[in-house]
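K.L.:
Sequence below, structure please.
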Amino acid sequence: MRNLDRLATLAGIEESYWDIFGVFHQINDHAKMSILSAMGFSVGSPEAVDESLREFNERPWRRLLEPVVIMRSGSVFAAPLTLPQDLWQGEVRWRVAAEDGSVVEGRFHPVDQTPSDMRDVNGGTMARFSLPLPADLGQGYHRLFISAGDSKAETVLIIAPPKAYAPSWLEEGRRLWGIACHLYSLRSESNWGIGDFTDLAELSRITAVLGGTSVGVNPLHALFSMHPDHASPYSPSSRRFLNPLYIDAIAASEFQDCPEVRALVATPGFAEHLGKVRAADYVDYSAVSAGKLMMLERMYELFAERNPPVRSAFDDFVNEGGTALHHFVLFQALHEHFHGRPWSEWPHAYSSPDADGAQAFAVANAHRLEFHAYLQWLADEQLAAAACAGEGMEVGLYADLAIGTDQNGADAWSDSGSIVHGARFGAPPDAFNAQGQDWGMPPFHPHNLREEAYEPFIQILRANMRHAGALRVDHVMGLMRLYWIPPGEKADSGAYVRYPFDDLLAILALESVRNKCLVIGEDLGTVPDGFRERMAKEGALSYRVLRFERYPDGLFKRSEVYPALSVTTSATHDLPTIKGYWLGRDLEQKRRLNLYSSQESQEGDFEARAKDRILLAAALNDHDLLPSDFPGEDISEQDAARQLIVAMERFLARSPSLLLKINLDDLLEETDQINLPGTVAEYPNWRRKNATGLETLADNPFVNEVIGAVKKER
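P.N.:
Here you go, the predicted structure:
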């Protein structure tokens with residue numbers, strides 16, 4: 001094997017892959033070199049490749065301890081220890097400072113143990129030993145310190161549970177159901193043109209009254225306040241913080257305590273603004289943002305004048321947020337200062353949170369930074385209240401974690417060490433796009449992430465599990481491998497890069513148990529062999545979508561073959577609603593927008609949908625879920641759509657899947673999907689509101705018909 005191939009393999013680049021169509025792809029040298037270069041390896045010449053390979057091979061042999069050691073409860077606790085030959089005969093003193101403040105220490109004599117491996121490095125011999133640790137170390141994040149001769153080292157020691165959190169209903173095998181929505185699309189008489197956390201609380205209460213146990217939402221991540229029309233929740237600025245547009249300004253105490261703000265809201269001009277944004281069929285993000293942030297700024301001025309006792313909860317929030325929150329609000333203020341320009345175009349003095357210009361700006365603009373912290377505090381408090389609003393719900397808030405962040409966002413700016421700039425990730429050729437998908441987001445650096453003891457990953461999990469009873473991890477295969485696209489290349493020229501799967505799963509399990517948060521892995525698309533089985537052993541629920549659950553010949557799988565350890569649903573945000581699917585509304589949209597590359601591909605889609613309708617009806621009829629005359633000539637379009645929706649939800653409700661997710665869009669008989677893949681400005685993605693307001697939801701006859709049918713099956 002050539003050294004380029006050796007280096008690529010050690011770095012985690014897979015030599016080849018099979019796509020979803022069964023086509024074999026061999027990764028070429030250009031792709032390998034481009035990805036290696038993006039990772040920081042020098043590969044400009046054969047000599048540079050040789051040196052990079054040597055350095056990478058020797059790196060773990062040049063330090064006494066690895067940057068992080070991760071173990072599972074129930075296993076034998078030991079840490080790998082690398083010692084030069086002159087320390088083999090001596091004594092190693094070790095100390096574990098546990099997370100709870102306790103300390104345990106001991107001594108280790110290398111001469112009493114046979115090394116597991118040896119290596120010559122720079123003319124000296126290094127040996128790898130296994131340092132035994134106490135078997136009663138508790139789960140959590142500890143630090144291990146060692147001292148050998150004049151050498152000292154320390155590492156992060158993580159003890160994780162055997163698997164993720166399993167609530168009692170899951171262990172008992174009770175099959176639950178809940179309603180899923182896109183928060184921004186919720187319509188109510190009180191919101192300011194976009195669904196907010198008060199709407200979420202109301203939907204939770206309604207769901208609980210109907211007998212549901214969870215309310216699922218789109219990712220609530222922070223987007224770009226300077227670019228409110230950048231609306232995709234799956235391409236956020238930060239996955240650690242919340243979108244302030246979901247704040248209900250009226251629910252904040254400053255609104256109630258500020259006559260000036262209440263008077264402004266009551267003026268004819270603002271009342272007219274609210275009337276327009278509320279009545280609109282699509283969220284007008286620019287108008288909503290302008291109106292809401294203007295009022296929140298006035299409210300903050302009142303808040304800033306309050307005495308310390310009133311501010312104590314806020315101060316606690318800021319202290320708990322620590323460096324991560326400070327970096328985020330600094331980015332927000334700088335993004336305003338530079339008029340929304342990408343951070344890569346800012347002067348070098350502002351290129352990172354630690355840069356001189358950024359630090360000076362933070363001091364000079366502390367008031368503005370505090371305003372953005374105030375927004376995060378309000379958002380966090382209101383989300384916490386909404387998550388608890390559905391009294392008696394056994395799951396509660398079902399949150400969604402996006403797979404990555406925008407390259408121009410806060411996370412990429414503040415976390416440049418563990419994020420790879422230049423490369424993007426996406427998906428190889430699949431059913432959505434035969435040319436592959438470029439999601440335009442920078443990947444985590446698998447090696448640098450480990451060097452940082454996975455702290456960025458841990459923070460993201462904590463932030464998203466903070467108020468959630470369940471967390472859906474988008475494209476969960478990214479914990480095992482991610483499809484990287486080299487700089488300057490198209491999506492079909494990428495390669496898979498491996499990640500420290502075992503470590504990431506252990507951390508996921510630990511944070512899941514700590515936060516009592518069920519893990520759901522969105523495992524759609526190109527799924528590696530054995531991946532779903534491993535996730536099941538980890539206690540994570542699979543994500544099964546009716547339209548993708550097929551036998552090799554295209555027939556829909558029977559509901560009873562769905563795995564119990566799964567969430568099942570009729571569609572995702574990238575698919576048409578049930579009604580829209582049956583009517584072919586998504587295909588009509590693609591034709592109207594000239595998205596087909598040829599007449600043949602258009603005709604192929606329409607023919608495939610006609611066949612799918614027959615197959616779907618056959619699957620439902622096989623379960624005796626459709627009337628004999630469906631879709632007969634005497635049935636109106638509305639009647640047929642309603643019968644289909646009820647039948648599909650009953651079909652899924654019959655499955656062994658322990659959690660059923662009913663989409664609010666289907667309960668409200670929506671036709672147009674929320675996102676049309678392959679479009680940006682051509683289609684109003686992430687904007688369509690529900691046609692029906694929350695005020696009538698609980699008494700909606702069709703909603704109650706569907707829920708009643710599901711409850712009988714569950």
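K.L.:
What's the separation between the residue sitting furthest away from the middle of the chain and residue 127?
P.N.:
Most distant from the centre of the chain: residue 89, at 49.1 Å, with distances by Cα atoms, centre = their mean. Per Cβ to Cβ, to the nearest Å, residue 89 is found 12 Å from residue 127. Using the backbone N, CA and C atoms, a C-beta is placed for each residue, glycine as well.
K.L.:
what residues do those two have in common as contacts?
P.N.:
residue 110 (Cβ atoms under 8 Å, 6 or more residues apart in numbering).
K.L.:
ok, for the residue farthest from the centre of the chain, nearest residue in space, not its chain neighbours?
P.N.:
Spatial nearest neighbour of residue 89, chain neighbours left out: residue 111 (5.5 Å); criterion: Cβ to Cβ, 6 or more residues apart in numbering.
K.L.:
Kindly tell me how buried the one you found is, as a neighbour count.
P.N.:
Residue 111 has 10 neighbouring residues, counting by other Cβ atoms under 10 Å.
K.L.:
Provide the secondary structure category for it.
P.N.:
helix (DSSP: H, G, I helix; E, B strand; the rest coil).
K.L.:
quick one: pLDDT of it?
P.N.:
pLDDT for residue 111: 92.
K.L.:
next one: residue 391
P.N.:
For residue 391, pLDDT reads 87.
K.L.:
Skipping adjacent residues, who's closest to it in space?
P.N.:
Once chain neighbours are set aside, the closest to residue 391 by Cβ to Cβ, 6+ apart is residue 208, at 5.7 Å.
K.L.:
now residue 140
P.N.:
Residue 140's closest residue in space is residue 99 (Cβ to Cβ, 6+ apart), at 4.0 Å.
K.L.:
State whether that neighbour is indeed within a strand.
P.N.:
No: read with three-state DSSP, residue 99 is coil and lies in no strand.
K.L.:
List the contacts of it.
P.N.:
By Cβ under 8 Å, 6+ apart, residue 99 lies in contact with 138, 140, 141, 142.
K.L.:
Just the buried residues of these.
P.N.:
Taking 16 or more other Cβ atoms under 10 Å as the criterion, what is buried in the contacts of residue 99 is 141, 142.
K.L.:
Out of the contacts of residue 99, which sit inside strands?
P.N.:
Using DSSP state E, 140, 141, 142 are the members of the contacts of residue 99 that sit in strands.
K.L.:
which one of those is nearest residue 607?
P.N.:
residue 141 (55.7 Å; Cβ to Cβ).
K.L.:
Beta-bridge partners for that closest one, please?
P.N.:
residue 158 (DSSP bridges).
K.L.:
doesn't residue 160 make contact with it?
P.N.:
No: using Cβ atoms under 8 Å, residue 141 is not in contact with residue 160, being 9.8 Å away.
K.L.:
Spatially nearest residue to residue 486 (excluding sequence neighbours)?
P.N.:
Per Cβ to Cβ, 6+ apart, closest to residue 486 is residue 34, 3.3 Å.
K.L.:
hang on, the one you found in a helix?
P.N.:
Yes: under three-state DSSP, residue 34 sits within a helix.
K.L.:
count of neighbours near it?
P.N.:
With other Cβ under 10 Å as criterion, residue 34 counts 23.
K.L.:
contacting residues around it?
P.N.:
423, 486, 487, 488, 489.
K.L.:
Tell me how far it lies from residue 50.
P.N.:
19 Å.
K.L.:
same question, residue 653
P.N.:
From residue 653 to residue 50 the distance is 61 Å (Cβ to Cβ).
K.L.:
who's more crowded, the two?
P.N.:
Remark: of residue 653 and residue 50, residue 653 carries more neighbours, 21 against 14, as counted by other Cβ under 10 Å.
K.L.:
what number of residues lie near the residue lying closest to that one once chain neighbours are set aside?
P.N.:
Distances taken as Cβ to Cβ, 6+ apart place residue 713 nearest to residue 653, at 3.5 Å, with adjacent residues excluded. Residues lying near residue 713 (other Cβ under 10 Å) number 17.
K.L.:
Endpoint to endpoint, stretch 410-419 covers what distance?
P.N.:
Stretch 410-419 stretches 12 Å from its first residue to its last (Cα to Cα, to the nearest Å).
K.L.:
quick revisit: what backbone torsions are found at the residue nearest to residue 653?
P.N.:
phi -80, psi -30 (degrees, to the nearest 10).
K.L.:
go on, residue 636?
P.N.:
phi -70, psi 160.
K.L.:
those helices in the stretch 351-500 of the chain, which residues are they?
P.N.:
Secondary structure of the stretch 351-500 of the chain (DSSP state H, counting those that start in this stretch): helices at 356-364, 366-387, 410-414, 446-451, 455-465.
K.L.:
Let me have those in JSON lines, extended by mean pLDDT and mean neighbour count.
P.N.:
Below are these laid out as JSON lines (pLDDT from 0 to 100; neighbours: other Cβ atoms under 10 Å):
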{"stretch": "helix 356-364", "mean pLDDT": "98", "mean neighbour count": "14"}
{"stretch": "helix 366-387", "mean pLDDT": "97", "mean neighbour count": "21"}
{"stretch": "helix 410-414", "mean pLDDT": "97", "mean neighbour count": "27"}
{"stretch": "helix 446-451", "mean pLDDT": "97", "mean neighbour count": "19"}
{"stretch": "helix 455-465", "mean pLDDT": "98", "mean neighbour count": "21"}
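K.L.:
pretty sure the residue nearest to residue 89 contacts residue 87?
P.N.:
No: using Cβ under 8 Å, residue 111 makes no contact with residue 87, being 10.1 Å away.
K.L.:
how far away is the closest residue to residue 483 other than its chain neighbours from residue 424?
P.N.:
Leaving aside its chain neighbours, residue 483 sits nearest to residue 494 (5.1 Å; criterion: Cβ to Cβ, 6+ apart). Going from residue 494 to residue 424 by Cβ to Cβ gives 9 Å.
K.L.:
And residue 75, by the same measure?
P.N.:
Residue 75 is 37 Å from residue 424, by Cβ to Cβ.
K.L.:
coming back round to it: from the contacts of residue 34, which would you call buried?
P.N.:
So, by 16+ other Cβ under 10 Å, the buried ones in the contacts of residue 34 are 423, 486, 489.
K.L.:
In the chain, where's the longest helix?
P.N.:
Identified as the longest helix of the chain according to DSSP state H is helix 308-337.
K.L.:
Would you mind listing the buried residues in that one?
P.N.:
311, 314, 317-318, 321, 324-335.
K.L.:
For residue 220, grab phi and psi.
P.N.:
According to degrees, to the nearest 10, residue 220 has phi -100, psi 20.
K.L.:
Which residue is the nearest non-sequential neighbour of it?
P.N.:
Per Cβ to Cβ, 6+ apart, closest to residue 220 is residue 242, 5.4 Å.
K.L.:
What residues are bridge-paired with that neighbour?
P.N.:
Under the criterion used (DSSP bridges), residue 242 bridges to residue 221.
K.L.:
was I right about it contacting residue 378?
P.N.:
No: the pair residue 242 and residue 378 fails to qualify as a contact (Cβ under 8 Å) at a distance of 9.2 Å.
K.L.:
Residue ranges in the chain under the pLDDT threshold?
P.N.:
1, 307-310, 431-432, 633-634 (pLDDT under 70).
K.L.:
Show the contacting residues for the residue minimising distance to the centre of it.
P.N.:
The residue lying closest to the centre of the chain (Cα atoms, centre = their mean) is residue 401, at 2.0 Å. With contact set as Cβ under 8 Å, 6+ apart, residue 401 has these partners: 219, 239, 460, 461, 464, 471, 472, 473, 474.
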